[in-house]
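Engineer: would you be able to build a 3D model of this:
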Amino acid sequence: MIGFLAFFYQNVSSVNKTMNRVKKIIAILLLLAANAHAQFQQPWVIDARHIKVDTLLWDLTDLSKAPQSRWLDDSSAVRSLLYTSVDFEGKPTEVFAYYSNPDIIAGRPATNQKFPGLVLIHGGGGKAFREWVEKWANEGYAAIAMDLSGNGADGRKVEQPGPEQSAEIKFQNIEKGNLKNVWTYHAVASAILAHSLLLSFPEIDPLRTGVTGISWGGYLTCLVASLDSRFIAAAPVYGCGYYDESDVFKQNLHALSPAAKKRWMKFFDPSAYLPYSKPFMFFINGNKDKHYNVGPYIKTYELSKNKQICIIPDMPHSHKDGWEPVEIKTFFDGALNGNPRPFVATSAITSDKNQLTVLLKPVASKQVASAEFYYTNDVTSDNEHRAWNHIPATINEDTQTIVQPIPKEGYKYAFFYLKDADGVSGTTVFLKDGKMD
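Structural biologist: All right, here's what the predicted structure looks like:
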């Protein structure tokens, strides 16, 4: 492109003066093409212009640069390394991580193939999970999982550890005034730096990267995906925003001074950033999760413009249960790995004559093997102990719909849970406050 424009510019000089305007236009095009070429050659930089907050705590340009790193083990099927992160309490820090990709996990020489990449973020009480990286490498992904408690492979502190995952550092530290000494600041920065490190590896396709996290890692996924525009897809598991409405975490926030609580919600709650998220979001949770209850969960996913919801009935809460659902792989395979497999999907829900009608997307209607309607009117129990009912719903293949009479007692919350012949589930969003006419 640049060479062609230069050649054209040189030859147009012999044309009469009426071509001067054309020469100026071509000169501008040359400059634009050269700038575009230069930008293409630069490292992938986060574009933060879409994040419309009055004060952005993280330096996203700096976090876009690959951190210094060194291998601790560069020969195993799942390798380990240390990389530098942001300062904590005025001291430099380093983060331990595991890494692998399909070539490494198979024990073969590098094939020069470009792989989709995933950043894996553990939850409270977690660590860098070797088996999580191994799982995704075997599925065709390059994956990095870091420790966000300052620990290494053996559970001991690294030489320059970051903050621990204590409630004091997560919440009470904000009372001391320095926002950058709160755990969330450091954890978000470390996760974004892991992405920058991943993007520096030659085997990574920079146009096919995603992030997923479990519990507190799901909370971080909401933040990281909102801040880091380089991600294409994100799957927060359990975690959501509106921590001041959580059955569990609101206690920590209510213990803060009113000013500190307000600052925490402004700078560290995902609700402040999710409206600006760029990646395709896959929100997956249970209906009875202890830490991330239905009310704030609905408010959280409603902030995202580009999303899919998956509600697993009675889904247990743990790291293993959080990375186990086949729906997460189905999502990333479609979004990143060039292997789209349609979910059982719905396009609309209507309520008429005391009946709910779910309209299936055409590709999904033939896939539905079972459909159930879950609903609850329990408004006195906490989310973990809320009583739910469920009944079979009617699948109408001719009209590509699922129909269900509204229960006589109505419902406070409800959702449809669908499965295809392979056992992969798809769900509607949560429905609220349904009544009979």
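Engineer: in the stretch 101-250 of the chain, which spans are strands?
Structural biologist: Applying DSSP state E, counting those that start in this stretch to the stretch 101-250 of the chain gives strands spanning 115-121, 142-146, 204-214, 233-237.
Engineer: got the buried residues for the first one?
Structural biologist: Within strand 115-121, the residues that qualify as buried are 115-121, counting by 16 or more other CB atoms under 10 Å. Bear in mind the C-beta positions are built from the backbone N, C-alpha and C, glycine included.
Engineer: could I get these as JSON lines with pLDDT and distance to residue 234?
Structural biologist: Shown next, in JSON lines, are the buried residues of strand 115-121 (pLDDT from 0 to 100; distance: CB to CB, whole Å):
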{"residue": "115", "pLDDT": "96", "distance to residue 234": "18"}
{"residue": "116", "pLDDT": "97", "distance to residue 234": "13"}
{"residue": "117", "pLDDT": "97", "distance to residue 234": "13"}
{"residue": "118", "pLDDT": "98", "distance to residue 234": "10"}
{"residue": "119", "pLDDT": "98", "distance to residue 234": "9"}
{"residue": "120", "pLDDT": "98", "distance to residue 234": "12"}
{"residue": "121", "pLDDT": "98", "distance to residue 234": "10"}
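Engineer: which among the residues you listed gets closest to residue 409?
Structural biologist: Proximity of the buried residues of strand 115-121 to residue 409, judged by CB to CB, is greatest for residue 121, which lies at 40.3 Å.
Engineer: does residue 76 sit in a helix, a strand or a coil?
Structural biologist: Here residue 76 is recorded as coil under DSSP: H, G, I helix; E, B strand; the rest coil.
Engineer: ok, back up a step: tell me which of the strands of the stretch 101-250 of the chain sits nearest to residue 328.
Structural biologist: It is, among the strands of the stretch 101-250 of the chain and with distance given as CB to CB, strand 233-237, at 5.3 Å.
Engineer: which other helices and strands does the closest one contact?
Structural biologist: If contacts are counted by 3 or more CB pairs under 8 Å, 6 or more residues apart in numbering; DSSP states H and E, strand 233-237 sits against strand 204-214, helix 216-227, strand 280-286, helix 326-335.
Engineer: spell out which residues make up each domain of the protein.
Structural biologist: 2-41, 60-335, 346-434 (automatic domain parsing).
Engineer: format those as JSON lines; extra columns: distance to residue 47.
Structural biologist: Shown next, in JSON lines, are those (distance: least, CB to CB, whole Å):
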{"stretch": "domain 2-41", "distance to residue 47": "11"}
{"stretch": "domain 60-335", "distance to residue 47": "5"}
{"stretch": "domain 346-434", "distance to residue 47": "29"}
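Engineer: which among the ones you listed is found nearest to residue 48?
Structural biologist: Taking the domains of the chain one by one with CB to CB, domain 60-335 is closest: 4.6 Å.
Engineer: the closest one: end-to-end distance?
Structural biologist: Its start and end residues considered, domain 60-335 measures 24 Å (CA to CA, to the nearest Å).
Engineer: before we move on, back to that, and the helices and strands packed on strand 233-237, which is most packed in?
Structural biologist: For those, the largest average neighbour count (mean count of other CB atoms under 10 Å) is found in helix 216-227, namely a mean of 28.
Engineer: return the angle between stretch directions for it and strand 115-121.
Structural biologist: 120 degrees (axes from the mean of the first three to the mean of the last three CA atoms, to 10 degrees).
Engineer: which helices and strands does helix 216-227 pack with?
Structural biologist: strand 115-121, helix 183-200, strand 204-214, strand 233-237.
Engineer: determine which of those approaches residue 148 most closely.
Structural biologist: helix 183-200 (4.7 Å).
Engineer: residue 423 - how many residues pack around it?
Structural biologist: Number of residues near residue 423 (other CB atoms under 10 Å) recorded here: 10.
Engineer: ok, now which ones touch it?
Structural biologist: residue 326 (CB atoms under 8 Å, 6 or more residues apart in numbering).
Engineer: and it, how far is that from residue 417?
Structural biologist: 12 Å (CB to CB, to the nearest Å).
Engineer: do residue 274 as well
Structural biologist: 25 Å.
Engineer: go on, residue 255?
Structural biologist: For residue 255, the distance to residue 417 (CB to CB) stands at 37 Å.
Engineer: not counting its neighbours along the chain, what's nearest residue 243?
Structural biologist: residue 249 (4.5 Å; CB to CB, 6 or more residues apart in numbering).
Engineer: phi, psi of that neighbour?
Structural biologist: phi -80, psi -20 (degrees, to the nearest 10).
Engineer: before we move on, what about residue 431?
Structural biologist: Torsion angles, degrees, to the nearest 10, at residue 431: phi -100, psi 150.
Engineer: bridged to the residue nearest to it when sequence neighbours are not counted, which residues?
Structural biologist: Distances taken as CB to CB, 6+ apart place residue 414 nearest to residue 431, at 4.4 Å, with adjacent residues excluded. Counting by DSSP bridges, residue 414 is bridged to residue 375, residue 431.
Engineer: pretty sure residue 414 is touching residue 377, no?
Structural biologist: No - look at residue 414 against residue 377 with CB atoms under 8 Å: they stay out of range, at 9.6 Å.
Engineer: of these two, who's got more company?
Structural biologist: Set side by side, residue 414 and residue 377 show more neighbours around residue 414, with 26 against 17, by other CB under 10 Å.
Engineer: dump the residue contacts of that one.
Structural biologist: Taking CB under 8 Å, 6+ apart as the criterion, residue 414 is in contact with 373-376, 430-432, 434.
Engineer: ok, residue 57 next?
Structural biologist: Going by CB under 8 Å, 6+ apart, the list of residues near residue 57 reads 179-180, 185, 267.
Engineer: drop anything exposed from these.
Structural biologist: 179, 185, 267.
Engineer: need the contacts of residue 57 in a markdown table with distance to residue 196 and pLDDT, can you?
Structural biologist: Below are the contacts of residue 57 laid out as a markdown table (distance: CB to CB, whole Å; pLDDT from 0 to 100):
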| residue | distance to residue 196 | pLDDT |
| --- | --- | --- |
| 179 | 22 | 96 |
| 180 | 18 | 96 |
| 185 | 17 | 98 |
| 267 | 22 | 97 |
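Engineer: out of those, who's nearest residue 44?
Structural biologist: For the contacts of residue 57, the nearest to residue 44 is residue 185 (22.3 Å; CB to CB).
Engineer: so where's this structure uncertain?
Structural biologist: 1-43, 339-342, 363-366 (pLDDT under 70).
Engineer: distance of the spatially most central residue of it relative to residue 247?
Structural biologist: A centroid search over the chain (CA atoms, centre = their mean) returns residue 234, at 2.8 Å, as the residue closest to the centre. Residue 234 is 24 Å from residue 247, where distance means CB to CB.
Engineer: which residues of the stretch 301-437 of the chain fall in strands?
Structural biologist: 307-312, 346-352, 355-360, 368-376, 389-392, 394-396, 401-405, 411-420, 425-427, 431-434.
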